[in-house]
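K.L.:
no FASTA, just this:
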């Protein structure tokens, strides 16, 4: 039988520990820089998301105010009040301009289209609402 000398291999980490001592301060600095970069990227993402949320919230608010205005105009038409074809109205500090078109479907049916426009800083918006009314006495 042959006698073999078995050598046990040591892991690299044990060689580093037994040999030269590494300076842990450099490793901690690198970890800190990587964590800081990840944190900054996350904060930039949140800021971008927040600005998008504010923009969408403003658009939704403008459309909701336009819907309230259109509902008000259609209610006034339904009660028989005379309505101007074009006008402006201020709601919550914002000026909404509207135009009213009447389409006669038949002698008893009328369709009213209300186009509402607004200016929001550099951007403008618009929406259209429709109401159909039945007049039993033409």
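P.N.:
Great, that's in hand. All values reported here derive from a predicted model rather than from experimental measurement.
K.L.:
in the protein, mark out all the helices, start to finish.
P.N.:
12-18, 24-78 (DSSP state H).
K.L.:
so which of those helices is nearest residue 97?
P.N.:
helix 24-78 (10.1 Å; C-beta to C-beta). (Glycine included, C-beta is placed from N, CA and C.)
K.L.:
ok now that closest one, how far from the chain's centre?
P.N.:
Mean-position distance between helix 24-78 and its chain equals 6 Å (C-alpha atoms, centre = their mean, to the nearest Å).
K.L.:
tell me the most buried of the helices of the chain?
P.N.:
Of all those, helix 24-78 has the most neighbours on average by mean count of other C-beta atoms under 10 Å, namely a mean of 12.
K.L.:
can you give me the pLDDT of the most centrally placed residue in the chain?
P.N.:
Closest to where the C-alpha atoms of the chain average out (C-alpha atoms, centre = their mean) is residue 56, at 3.3 Å. Looking at residue 56, its pLDDT stands at 93.
K.L.:
could you do residue 77 as well?
P.N.:
Looking at residue 77, its pLDDT is 88.
K.L.:
how much space between it and residue 88?
P.N.:
Distance, residue 77 to residue 88, using C-beta to C-beta, to the nearest Å: 18 Å.
K.L.:
and what of residue 73?
P.N.:
Relative to residue 88, and taking C-beta to C-beta, residue 73 is found at 12 Å.
K.L.:
now the common contact residues for the two.
P.N.:
residue 98 (C-beta atoms under 8 Å, 6 or more residues apart in numbering).
K.L.:
how about the contacts made by the spatially closest residue to residue 68 that is not a sequence neighbour?
P.N.:
Nearest residue to residue 68 in three dimensions, chain neighbours excluded: residue 91, at 7.1 Å (C-beta to C-beta, 6 or more residues apart in numbering). Residue 91 makes contact with 65, 68-69, according to C-beta under 8 Å, 6+ apart.
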